[in-house]
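In: Build me a structure from this.
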Amino acid sequence: ANTGSYDLYIFNTKGENADAMDAAAKAFGKEKNVTVKVFSLGSGTNSDDTLRTEMNFKNKPGIFSCMNAQALVEWVEGGFAMDLSKATNADFKKLVSEIPESFHLTDGKANYGIPYNVEGYGYIVDKDMLADLFGSDQVDSFLTAFKTATYDEFAKTVTTLQAYIKSGTAGTVADKKTGKAANLEGVFSVAGSEKWTYGDHFVNIAIDAVFPSSKAASEATLEQLQAGKGAFKAYAKALDLKTSNATTARGPDLINATINGYDPSVATFANGKAVFIKQGNWAYENIKKANPKIVDQLTFLPVKMPFTQSDIKAEGLTVEHMLESIPVFVPNYYVINDKVSDKEKELAQEFLVWLNTSEAGQKFVIKDMAFIPYNADPAKTSAGYSLGDSIISYMAAGKTLTNAYAGAPTGWATDTFGQHMMENYLNKAKWPSTAYEDIANYLISSWAEMANLS
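Out: Predicted structure coming up:
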C-alpha cells in the first residue's frame, strides 16, 4: 500500500464505502490539484494489524480510521493521534467546535476524531408485510402502538404472531395468510452465527440502561456492574423471547453460518420469511441486493427489554425513553496522524472540511456511501433511503440511545460474552430455569475479570 507519490494518504477501514471513498478522494484531488491515495480494507476484515504495519513505514497514512475510545488508546500512547485542538486550519477548527460532545472520540482529555457518520439499529420491519398481516389501514396505528408499547405488550404480539405463523390462526391477525404473510416462517430472523448481533448490539441496550456513554462504561466499577444485574437479566429474557420465536428453531442450526450467518439472515428477512430482523442501516445495501422490492417500505422499531425503573442506573433515563428509542451513534472516526508532515496534516484538515461541509463532499457521503452525516439537520436532511430517514426521524424526536457497549473491555462483547452465549444458549433449545440469573452473573464476572476489577 506504500508505493507511488501522493500528497495525502487515507487509510479507510469501512469496506462498504471503499469505492465511494476512492471516488471522493479523486474528486477532492482534482479540485485541489493534489494526489490522494486511499487504502480500503474489505468489509468485516480486522484492520488493526494492517494499520499497525502501515504506521511503521516511512509513508504513514495522514488520515486513519479509529472505532472508539478503546481503540484510540494505542494511537494516543504511540503519538499518532493528533489532538484536534492543535488544528491549524480555520474552517477545520470550526468543524471540530461544532461536533456534539456525545460524538467526541476522547481519552477524557482531548477530542481526536471526526465522525464518519452516525448509524442506528433496531428491529427492521417491512410495512407491506404489516399490511398483509393486519390490513393496510392498520399499518400506521400498529407502528405508533409498537413504538410506545411495554415489553409485555411486545412479548404478547410476538407469541401471537408466532402462533399464527405456525398454525395460521389468531384473533388480531388477518384470518387467512394472504400475500406476504403466507411466506412467514418465524417472527424474527436471527443471525445466530454472528456473535456481534447479540454480543454487541443486543446486549448494548441493557448496558445503555446502566451507563450513559461508552466512556462511562470504560470506567465501570465492580459495584456499577453489579448494580446493573436487573438490566442484564432483562437482556437475557428478551433474547430468550427473540430466539424462541425465530425462523430457525433454537439449537445447532441457529448458529450455523450457512443458514443463519449475516447474509443468509438478511436474505431470510428480505424474502419475507420473518417479520423482524435486528440490524442497522448498514444492512440496507445487503437487503437491497437480496430483494430490491422491499427497500422503500422499511422502518426501524425499538428493541424492547423488560426493564423496571429500578433496573435503570444511567441518570435521568426512564423506562419510557428506552422503550421508544433506538441507539444512534458514531461507528467510526477519521483521525489525523500527528507523525506526518505539517503539509500533509494541513491537507488532511482540508479534506475533512470538504467531505463534511461542501456540496460535492456531502453528495459522496449521503448518496454514494449511503451514510447519515453526523452533522445532519434532522429538519432539513433526507438520507434518500428508508432506513436512513427512519433514523433521522428518531434523532428529530430526541428518541435515541447510545453505544455504551463500546466501552466494555476490548474483545469482551463478541469474543468472550458473545462466544459464551453462542456456546451455551443460542445452540440449546431449552434453557435452564436459572438461565437469566446465570447470564447476568456471567456478564458481570467476565467483564470484571477482563477489566481487572476486584
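In: Was I right to think Met450 contacts Thr416?
Out: Yes - look at Met450 against Thr416 with Cβ atoms under 8 Å: they come within range, at 6.5 Å. Any C-beta I mention is one placed from the backbone N, CA and C, and that applies to glycine too.
In: who's more crowded, those two?
Out: More crowded of Met450 and Thr416, by other Cβ atoms under 10 Å: Thr416, with 20 against 16.
In: okay, now Lys156: neighbour count?
Out: Neighbour tally, Lys156, other Cβ under 10 Å: 13.
In: right, I mislabeled it, should have said Glu98
Out: Neighbourhood size, Glu98 [other Cβ under 10 Å]: 10.
In: Tell me the confidence at it?
Out: Reported pLDDT at Glu98 in the predicted model: 94.
In: leaving aside the residues next to it on the chain, what's closest to it?
Out: Asn375 (6.7 Å; Cβ to Cβ, 6 or more residues apart in numbering).
In: Could you verify that that neighbour is part of a helix?
Out: No - Asn375: not assigned to a helix; according to DSSP: H, G, I helix; E, B strand; the rest coil it is coil.
In: That one contacts Lys94, correct?
Out: No - between Asn375 and Lys94 there is no contact under Cβ under 8 Å: 11.4 Å.
In: neighbour-wise, which of the two wins?
Out: Asn375 (19 against 12).
In: Just want the phi and psi numbers for the more buried one.
Out: phi -100, psi 20 (degrees, to the nearest 10).
In: can you tell me how far it sits from Pro292?
Out: Remark: distance between Asn375 and Pro292 (Cβ to Cβ, to the nearest Å) = 30 Å.
In: again with Ala448
Out: 47 Å.
In: Between the two, point out the one with more neighbours.
Out: Set Ala448 next to Pro292 and count neighbours by other Cβ under 10 Å: Ala448 wins out with 17 against 10.
In: how about low-confidence regions in the stretch 301-450 of the chain?
Out: Along the stretch 301-450 of the chain, no part satisfies pLDDT under 70.
In: Show me the helices in it, by range?
Out: 319-324, 342-357, 359-363, 386-396, 419-421, 435-450 (DSSP state H, counting those that start in this stretch).
In: Of those, which is nearest Gln70?
Out: Evaluated with Cβ to Cβ, the helices of the stretch 301-450 of the chain place helix 435-450 nearest to Gln70, the distance being 11.4 Å.
In: elements contacting the closest one?
Out: helix 222-227, helix 229-244, helix 419-421 (3 or more Cβ pairs under 8 Å, 6 or more residues apart in numbering; DSSP states H and E).
In: Next, count neighbours for Ile366.
Out: Quick note: Ile366 (other Cβ under 10 Å) scores 20 neighbours.
In: my guess is it meets Ala383, correct?
Out: Yes - judged on Cβ under 8 Å, Ile366 makes contact with Ala383 at a distance of 6.5 Å.
In: what's the overlap in contacts for those two?
Out: Ile372 (Cβ atoms under 8 Å, 6 or more residues apart in numbering).
In: follow-up on the earlier one: ranking the helices and strands packed on helix 435-450 by burial, who's on top?
Out: helix 229-244 (a mean of 22; mean count of other Cβ atoms under 10 Å).
In: Could you export the helix or strand just after it as CSV, CA atoms only?
Out: Of the helices and strands lying after helix 229-244 in sequence (DSSP states H and E), the nearest is helix 257-260. The C-alpha coordinates for helix 257-260 follow below in CSV (Å, rounded to 0.1, in the frame of the first residue of the first chain):
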residue,chain,number,x,y,z
ALA,A,257,-23.4,-19.8,9.3
THR,A,258,-24.8,-21.3,6.1
ILE,A,259,-28.4,-20.8,7.3
ASN,A,260,-28.1,-18.0,9.9
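In: what's helix 257-260 packed up against?
Out: Right, helix 257-260 is packed against helix 262-270 by 3+ Cβ pairs under 8 Å, 6+ apart.
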